[in-house]
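K.L.:
sequence and predicted structure are below.
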Amino acid sequence: MIQLLINRECPEAEPSTSFGGLPVKGLDEDFQWPICQSCNGAMQFLGKLAVDGRIEQVFMCQNDPGLCNEWDADGGGNSVVVTAAREFELATPPEGGVTTKETNYGAVVLEFDSDDYEEARTQWAEENGLSLRQVLGQVFGTPSWIQGDETPNCDICKKPMRFVAQLEQGPDWKDEMDFGGGGCAYLFDCTCDSSAKFMWQC
């Protein structure tokens, strides 16, 4: 059974799964906007996913695309901020750098009777007469790797991390997320210390 992420043009109230806009922070949290380890610039907020009562927020450096290892789970060019807070407010982006996207769209999860992601998203698009771009990815299940399995290990327990989501670049080419041009991103987490990692392939 595949759980597809389908585009919802108007995102639900925070903190639902959504892309673009602003990240959220817990009212009692000391939120620090992620900084790229290569260029020392503030990263761009891509989106957040509601996962098992937590919010996993994805950031990726876009200050100098292609030069900051933003595709690598351990390269320092992307970051995942995880929070289990129950009350939120919007975070304020730092000045300078490419930190936000103008677009803001949500997602709904639809179960699809298939074990193959590519097959499921193609069938959904054909049955609904819509573009494949309306399928934003999948949650849980099995990743559909473009270049082969690159599941990262947790930095604490050293075990392979749990696959959380596969993300497409977005519903509109004019403001899509930059995964190398037609690539896919992959989100992972670990329950040993509530950490998460992000990467993409093209």
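P.N.:
Yes, it's here.
K.L.:
just the C-alphas of the longest strand anywhere in the chain, formatted as CSV.
P.N.:
The longest strand of the chain (DSSP state E) is strand 101-112. The C-alpha trace of strand 101-112 is given here as CSV (Å, rounded to 0.1, in the frame of the first residue of the first chain):
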residue,chain,number,x,y,z
LYS,A,101,10.2,30.5,-1.2
GLU,A,102,7.3,32.7,-2.3
THR,A,103,5.0,29.8,-2.9
ASN,A,104,3.0,28.0,-0.2
TYR,A,105,1.1,24.8,-0.8
GLY,A,106,-0.1,21.9,1.3
ALA,A,107,-0.5,18.2,0.8
VAL,A,108,-3.0,15.4,1.6
VAL,A,109,-2.1,11.8,2.0
LEU,A,110,-4.0,9.3,-0.2
GLU,A,111,-3.6,5.5,0.1
PHE,A,112,-3.1,3.7,-3.1
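K.L.:
against which helices or strands is that strand packed?
P.N.:
Under the contact criterion of 3 or more C-beta pairs under 8 Å, 6 or more residues apart in numbering; DSSP states H and E, strand 101-112 touches strand 2-8, strand 18-21, strand 44-51, helix 117-128. Where you see a C-beta, it was placed from the backbone N, CA and C, and this is true even at glycine.
K.L.:
quick check: next helix or strand after the longest one?
P.N.:
Okay, so that is helix 117-128. strand 135-139 (DSSP states H and E).
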